[in-house]
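In: Below are the sequence and a predicted model; questions follow.
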Amino acid sequence: MANFSFDELLAKREQRKTDKLAVTQLHVPDSDKTLTVKKLTDSKLLDLLGRIADAQGDLTQILQATDEALYHACDQLQDPKLREALELSDPLDVVPALFDVAERNALGHELAVFLGIWNEEQKDDNTEHPVKN
């Protein structure tokens with residue numbers, strides 16, 4: 001393996017700045033619609049990952065962290081008029097008001113792949129190699 005050159009390190013920094021501005025479309029299951037999402041800030045991402053780790057398998061807590069990630073990544077879901085139309089006082093209630101558990105789980109998975117905290121190979125490895133007793 002070779003070390004980074006000075007210019008490569010500078011280019012890496014510029015690429016990181018560009019990557020922070022990336023957006024993608026998440027497909028909403030059982031529809032022909034998408035949600036536009038952006039990258040989360042490092043601090044928000046670390047906070048959510050910490051909450052998921054602390055949940056220790058508690059699916060309710062994991063889904064709540066997923067809902068929050070979806071909310072913060074999607075400007076459409078943050079629209080105050082939407083929250084008002086849904087008659088919600090807590091902004092974080094928007095995601096569960098609009099999507100069922102299966103949809104939220106699927107959207108959360110797509111978001112995790114986009115954010116780089118989950119890759120499709122992990123999913124494939126789990127499905128191709130079942131746990132052996």
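Out: Yep, it's here. Numbers count the residues shown, from 1 in each chain.
In: need the contact list for L88.
Out: 94, 97 (C-beta atoms under 8 Å, 6 or more residues apart in numbering). C-beta: built from backbone N, CA, C; applies to glycine.
In: Would you agree it falls within a helix?
Out: No - L88: not assigned to a helix; according to DSSP: H, G, I helix; E, B strand; the rest coil it is coil.
In: tell me which element the most centrally placed residue in the chain falls in.
Out: What sits nearest the mean C-alpha location of the chain, by C-alpha atoms, centre = their mean, is L111, with 3.3 Å. Per DSSP states H and E: L111 is located in helix 101-115.
In: how about the strands of this protein, start to end?
Out: Assigned by DSSP state E, the chain shows strands spanning 23-27, 34-38.
In: How about E110, nearest residue that isn't a chain neighbour?
Out: If the residues on either side of it in the chain are set aside, E110 comes closest to L26, at 4.6 Å by C-beta to C-beta, 6 or more residues apart in numbering.
In: what pairs with that neighbour across the strands?
Out: Judged by DSSP bridges, the bridge partners of L26 are L35.
In: pLDDT below threshold where in the protein?
Out: By pLDDT under 70, the low-scoring segments of the chain are 121-133.
In: can you do 50?
Out: Within the chain, the stretches with pLDDT under 50 are 124-133.
In: So for I52, what's the nearest residue that isn't a sequence neighbour?
Out: Going by C-beta to C-beta, 6+ apart, I52 has A65 as its nearest residue, at 5.0 Å.
In: Quick one: neighbours of the one you found, just the number.
Out: 20 (other C-beta atoms under 10 Å).
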